[in-house]
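K.L.:
sequence and predicted structure below; questions after.
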Amino acid sequence: MQRVLHLILLSLTLLTATACSTDKDSEPAPALEGRWNFERSQTYSAQGTLLPIPLPGTIPAPHYLEVHGTQVSKYLVGSTATVVPTYVYDASQSTLVGQDGIISRIEELTKNTLRIRTPTFVASQGPITDPVVRYDVVAYYTR
């Protein structure tokens, strides 16, 4: 009888624990809509290696993003003029497509953080057979 009582108590405990747990899949996806302030960036080689020193042409100027619907505009800090190109947000692909055709990938989106990876092409200092080198710039934003 005591063994049955222990099993009943254990079952009730497990039912209570599972009923109180939250399912992350049921939480709504964070919204991209609104303002995102640029914090910092990191530059990676085409092979994915973090470069210790950013290369010229890969360092973004201080800016912020404004997202309204599928339109993403970039503004320099202290300016009200939009920086070209503007972007179109494709939620199904988690990408930002620039007017210049460059596709940036959203790597992380939470309530207060945003991380975007953008391919960047820089003139090579090497032989003429390799005039342009690709790097990826990862930009970090907060609300």
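P.N.:
Looks like it came in fine. Residues are numbered from 1 along each chain as shown.

K.L.:
Tyr89 contacts Leu96, doesn't it?
P.N.:
Yes: the pair Tyr89 / Leu96 is scored as a contact, 5.8 Å apart, by CB atoms under 8 Å. Glycine gets a C-beta too; all of them are placed from N, C-alpha and C.

K.L.:
okay, these two: which has more neighbours?
P.N.:
Applying other CB atoms under 10 Å to Tyr89 and Leu96 shows that Leu96 carries more neighbours, namely 24 against 19.

K.L.:
from Arg143, how far out is the more buried one?
P.N.:
Taking CB to CB, to the nearest Å as the measure, Leu96 falls 17 Å from Arg143.

K.L.:
pull the distance from the host helix or strand of Ile116 to the chain's centre.
P.N.:
For Ile116, the host element (DSSP states H and E) is strand 113-123. Distance of strand 113-123 from the chain centroid (CA atoms, centre = their mean, to the nearest Å) equals 10 Å.

K.L.:
what residues of it count as buried?
P.N.:
Using 16 or more other CB atoms under 10 Å as the test for burial, strand 113-123 gives 114-118, 120.

K.L.:
wait, which of those is closest to Glu33?
P.N.:
Leu114 (11.4 Å; CB to CB).

K.L.:
quick one: residues contacting that closest one.
P.N.:
32, 36, 65, 106, 108, 140-142 (CB atoms under 8 Å, 6 or more residues apart in numbering).

K.L.:
returning to that earlier point: okay if I get the buried residues of strand 113-123 as a markdown table plus pLDDT and distance to Pro28?
P.N.:
Formatted as a markdown table, the buried residues of strand 113-123 follow (pLDDT from 0 to 100; distance: CB to CB, whole Å):
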| residue | pLDDT | distance to Pro28 |
| --- | --- | --- |
| Leu114 | 98 | 16 |
| Arg115 | 98 | 20 |
| Ile116 | 97 | 21 |
| Arg117 | 96 | 24 |
| Thr118 | 93 | 27 |
| Thr120 | 84 | 33 |
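
K.L.:
coming back round to it: now do the shared contacts for Tyr89 and Leu96.
P.N.:
The contact lists of Tyr89 and Leu96 share Val72, where a contact means CB under 8 Å, 6+ apart.
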